[in-house]
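**Student:** Build me a structure from this.
(4 chains)
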Protein chains: 4
Amino acid sequence: MIYSFRDDYTEGCHPEILAALSETNLVQQTPYGEDDYTAKAKSLICEKIGAPGTPVHFVASGTMANLLMIAAVLKPFEAAVSVAGGHIAAHETGAIERAGHKVIEVESSDGKMRPEMITAAVHENTMPPHMARPRLVYISNATETGLAYSKAELTALYDTCESLDLLLMIDGARLGAAMASGHSDLTWPDLAALTHMFWIGGTKVGGLFGEAIVFNRAELAQDFPFHIKQRGAMISKGRALGLQFCALFENDLYMSAARAANAKAAELSAAIETAGFSLNDPTQTNQLFPILPNDLIERLEQDFAFHRWGPVDEENSAVRLVTSWATEPAQIKRFIGLL
Amino acid sequence: MIYSFRDDYTEGCHPEILAALSETNLVQQTPYGEDDYTAKAKSLICEKIGAPGTPVHFVASGTMANLLMIAAVLKPFEAAVSVAGGHIAAHETGAIERAGHKVIEVESSDGKMRPEMITAAVHENTMPPHMARPRLVYISNATETGLAYSKAELTALYDTCESLDLLLMIDGARLGAAMASGHSDLTWPDLAALTHMFWIGGTKVGGLFGEAIVFNRAELAQDFPFHIKQRGAMISKGRALGLQFCALFENDLYMSAARAANAKAAELSAAIETAGFSLNDPTQTNQLFPILPNDLIERLEQDFAFHRWGPVDEENSAVRLVTSWATEPAQIKRFIGLL
Amino acid sequence: MIYSFRDDYTEGCHPEILAALSETNLVQQTPYGEDDYTAKAKSLICEKIGAPGTPVHFVASGTMANLLMIAAVLKPFEAAVSVAGGHIAAHETGAIERAGHKVIEVESSDGKMRPEMITAAVHENTMPPHMARPRLVYISNATETGLAYSKAELTALYDTCESLDLLLMIDGARLGAAMASGHSDLTWPDLAALTHMFWIGGTKVGGLFGEAIVFNRAELAQDFPFHIKQRGAMISKGRALGLQFCALFENDLYMSAARAANAKAAELSAAIETAGFSLNDPTQTNQLFPILPNDLIERLEQDFAFHRWGPVDEENSAVRLVTSWATEPAQIKRFIGLL
Amino acid sequence: MIYSFRDDYTEGCHPEILAALSETNLVQQTPYGEDDYTAKAKSLICEKIGAPGTPVHFVASGTMANLLMIAAVLKPFEAAVSVAGGHIAAHETGAIERAGHKVIEVESSDGKMRPEMITAAVHENTMPPHMARPRLVYISNATETGLAYSKAELTALYDTCESLDLLLMIDGARLGAAMASGHSDLTWPDLAALTHMFWIGGTKVGGLFGEAIVFNRAELAQDFPFHIKQRGAMISKGRALGLQFCALFENDLYMSAARAANAKAAELSAAIETAGFSLNDPTQTNQLFPILPNDLIERLEQDFAFHRWGPVDEENSAVRLVTSWATEPAQIKRFIGLL
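**Tutor:** Numbers count the residues shown, from 1 in each chain, chains lettered A, B, ... in the order given. A predicted model of the protein is given here:
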């Protein structure tokens, strides 16, 4: 049987979430996100970021979070700035454009946004009213290749955005992995202080589905439920979203699950390096990108599923391995054994 | 404690669905709807409607189903026709218009669409290229007030649509209640034969979330996953959608749960009439609309939650009661006891 | 040869406009509406409405004015309210919906909007966040059947809008005819004081093309050139728009041309009544709607083009006749002669 | 007085066009593009490209032509491919994105699209349904820096598009300059044979406003008037568009005016080279990009307006000069005299 390291959404949900769903199943609740669990989840998140009263909303997918947030805060002629491989730029089927907004892509060798890229993008896109006006900077933390932003890096981006009248937004599909990374000193209150809005990925850290949208500036959240409903993102049993985030934030499951995933990635990564192979990117979170000989890759594919990232030279390719709360330690051992 | 008859999405999900989620939770599956459960659910639905190979897709909410389907099949200048109180016309925050399409509203005294309304709407909206072109007729079954279309009624609508080059679509948020109604002779294969596309509501019949979109004409489904993804409706753990529909259609839970809900509504309805009160609309599915004295309504509200539908005269108002798979028989008895 | 009373845009442009285009043709000017003529035209319009510094913009068509203005001031989930036969509701191919906004239609026996219709529309469309939020009231002056609003009527609409936090907008495709009507006491400064924004139709009063958009509330005009450009409405030789409005407002050609058109309509209307026929609507501007026997209509159609408005009874129908700056007096006499 | 070489839309319209407008001004015509002049203009264009019956439509601006054509032929999730500096990518305020479509930008050193760029763009944007699907290739002829495509170049692009199921479209804002260029062997029938659709710029060659949209594949033009009307691009006196194109194509004014503009650019260009300065790009059409010392530029700016294109080194910058039908020979001499 083939075991999958393909991604961190291969299984269902974390057992504690399943338990919460089971225990509350027959309790009657108000629909459309007006339930007790949702209220409590919002409160827990506000507490986590140290900012009581911050508007929080829940939706079912990351692409929905991105398009809802961006389309809600931009005027029709305003644009978002993203690195070229950013999720909204590359893997959301033009969802932002379908919502009416240009995504200005900037090149980045490691996938991280940097202040000078923002400055250049603004400079190159200013000729009113003939050019879409840059108004929002979109970053992912962790990045598409698993890097975690440091506090200094985020501060520099935020200061640049503030000085250019731009909004800074984090796509947190793998925010847990980033916050649990030993390679970053960023704290949860930093997220509130150093971005204008961000979202907390629930699915990849162990939720069945669900992401939490956080507006650090309350004015950005104005009338947001209208947007949610109008875009088809309001599920009637909103309790299912709220409850999952209760489970994730009540006893810090969010961070412990993320740490567990990162630890497994670190174990795999170390073993691969010990076996004499190098990495295409440093392993900072729950994704690793080893460079392996093509014949070894073929052998591994007989027992494991993973993503071929791309050829490095004629005989070697980078592959992507992803760990999660659900990754079985025995499978890590089996994988290492094959190296 | 107040017991709610406010709607059919007050609880979590049917226990059989919860069991299915629990049993399969740790099985690894391909994401984005390419999992085994989704494949099986599609096959079960095709079997149910007697049309193998029919394209079926799953999304998380009814508004999403409506907007995705309508926006996918219409050209930018084409319009949908709906009765004035239809869900897309009245309760989806202009989601269809946000997707670019006019909704032409026609008046209907009982909320049912009839052929002459369609003919008139087309007649009154034809002045190319100055008027948006009617291209799709949207109906709900059951209707907003719980009526179920008969086969003859649906046949007449379909024939009218075919003759006018229109597409007929059913919003099936409460399709289970309609199909289980003793007041309709409509069969599942009729849905395939007498509409161009429809969706099967999962949430209100007992799902945690999820609706199944069925394209009876395969050409309407072309590239549909692009639409799903672009609109933010593709959840990574698509297994959760597929699995629920497996549970609903494997042993006909879909119909048995709907029949149980209808039976409870019929019981309540009969008791109310026996107690000497009349109904604003006939009770055909799981919604009932008794007309009650205002002081009785106030008394009932001390123990029960329900929707005030509107005043009928100075002393009486219509209220809406909704039953579901989860409605407790004891609460029905308690309600009847107060009449 | 058939002479057309079909509409007020059958000929080219008023000779004074043609002269202005000819005289300035080879003068170099800055493009995109930054030319001297446009600046002067803006100034003349501000002077006319007694509101210096009011933002004014020019576009080529009425549908463009409507969609640009409405889409610029509404949030995605906000709706416009219009009478059912209003131009945006009935004859612009769903342009407002294509821009993302619902048009809430209200019934009106004579095509005029009245305060109680607004109040009812707001009442019936308030269930946040499940209904698109009414935010703008759209009226045409003159109306589709040529009626002119009085100052009292407009004041009542404006007060209602103010009290309900709605924006009041006038589509002025035939604003000249309305302002020149002896049946209205409305003044140009009233337009500035009693609406939030309006547009001044240039085409139908004698322009080759062009409408002037006026934002009485400067904040509504913020970034408007971005909208103009993004929607494809910015012509490079913007001078052609500005110059036409210079010609129209420099020596009050706008009003004199409108008065001339109205006078011809009044002459025709009076003659028709003298001949013993009645009118479907009172003649207040440059459109008239006589009710004529069907065989007389057929006879007239041998010599004249006009629009059949609809049957009144088995033997009589209403027709629409439109006069303009270009209508030849001799043709009016010829028409009257046939009655 | 400062004379402008800033662009080719600084004056009004070509005297022959003005004469045509004057002569026909009082002739009654059917509105909305159903007039005799529009019919004749369509026929003249079909004749010019050697393809009778080809659907042709007229709109007022180039951005409108681009957005209407692209939005009409693409499905919501389909994308256009353009070079990074292409007009739709860089200077139309995100109009294509506002219409819902991603513009995939490819780098090109000289601004020309080449087959390998198309192939790479398709390759890098194929991961259904997670990426917007490339479906259309957009080029400008002449390019933004005045280069003209040869027949061989266009053939290679067209063959690549055909093999990849892409549509090839030409933005012809300066199509006259390109077709009149001595540096290209492309013929008008080639435009019909080697693209799927293109538009013929009227404004820059001498029109007051107006561009002609040509669909070489009739199926792409289906229902196009609905799009025109819905986007606000249908002017009521459509005659003004048709008439201008009659004037442009009746006696080949389109080409003679373009040739005259090109000849003036060639004269200026040659004189600049003779004076010892070099060009940033070869002069092939009516734009030239000389590299001049900064102090000379400042001196020239006292007498002439032109666009500073960008610094080349510390002491020299490229500037852009544009000639047109209206450029005065005496001003060219005066300019040369200052070198």
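
**Student:** who in the stretch 201-339 of chain A is up against chain C?
**Tutor:** A:223, A:225, A:226, A:227, A:228, A:229, A:230, A:234 (Cβ under 8 Å from any Cβ of the partner chain). No exception for glycine: its C-beta is placed from N, CA and C like everyone else's.

**Student:** What is the most widely separated pair among these?
**Tutor:** Across those, the longest distance by Cβ to Cβ is 13.3 Å; it joins A:223 and A:234.

**Student:** which other residues reach stretch A:174-191?
**Tutor:** Residues outside stretch A:174-191 that contact it (Cβ atoms under 8 Å, 6 or more residues apart in numbering or on different chains) are A:8, A:48-51, A:140-142, A:146-151, A:154, A:170, A:172, A:198-201, A:204-205, A:214, A:216, A:254-255, A:257-259, A:261-262, A:282, A:284-287.

**Student:** So which of these are in strands?
**Tutor:** A:140, A:170, A:198, A:199, A:200, A:201, A:214, A:287 (DSSP state E).

**Student:** Identify, from the residues you listed, the entry nearest to residue B:332.
**Tutor:** So of the ones in strands among the contacts of stretch A:174-191, ranked by how close each gets to residue B:332 (Cβ to Cβ), first place is residue A:200, at 41.4 Å.

**Student:** check which helix or strand covers residue A:105.
**Tutor:** Using DSSP states H and E, residue A:105 sits in strand A:103-106.

**Student:** outside of that strand, which residues touch it?
**Tutor:** Under Cβ under 8 Å, 6+ apart, the answer for strand A:103-106 is A:79-84, A:86, A:88-89, A:96-97, A:113, A:117-118, A:120-121, A:125, A:132, A:134, A:138, D:97, D:102, D:105.

**Student:** If burial is judged by neighbour count, which of those residues pass?
**Tutor:** A:79-83, A:86, A:88-89, A:96-97, A:113, A:117-118, A:121, A:125, A:132, A:134, A:138, D:97, D:102, D:105 (16 or more other Cβ atoms under 10 Å in any protein chain shown).

**Student:** who touches the residue of the stretch 201-339 of chain A found nearest chain B in this structure?
**Tutor:** Residue nearest to chain B within the stretch 201-339 of chain A (Cβ to the nearest Cβ): residue A:232, separated by 3.2 Å. Residues in contact with residue A:232 (Cβ under 8 Å, 6+ apart) are B:59, B:61, B:63, B:64, B:65, B:66, B:67, B:68, B:95, B:231, B:232, B:233.

**Student:** Can you flag which of the contacts of strand A:103-106 belong to helices?
**Tutor:** Among these, the members falling in helices (DSSP state H) are A:88, A:89, A:96, A:97, A:117, A:118, A:120, A:121, D:97.

**Student:** just these now: which is nearest chain C?
**Tutor:** Using Cβ to the nearest Cβ, the ones in helices among the contacts of strand A:103-106 come closest to chain C at residue D:97, 8.9 Å.

**Student:** gap between that closest one and residue C:71?
**Tutor:** 15 Å (Cβ to Cβ, to the nearest Å).

**Student:** Can you check the pLDDT for residue A:188?
**Tutor:** Residue A:188 carries a pLDDT score of 98 in this model.
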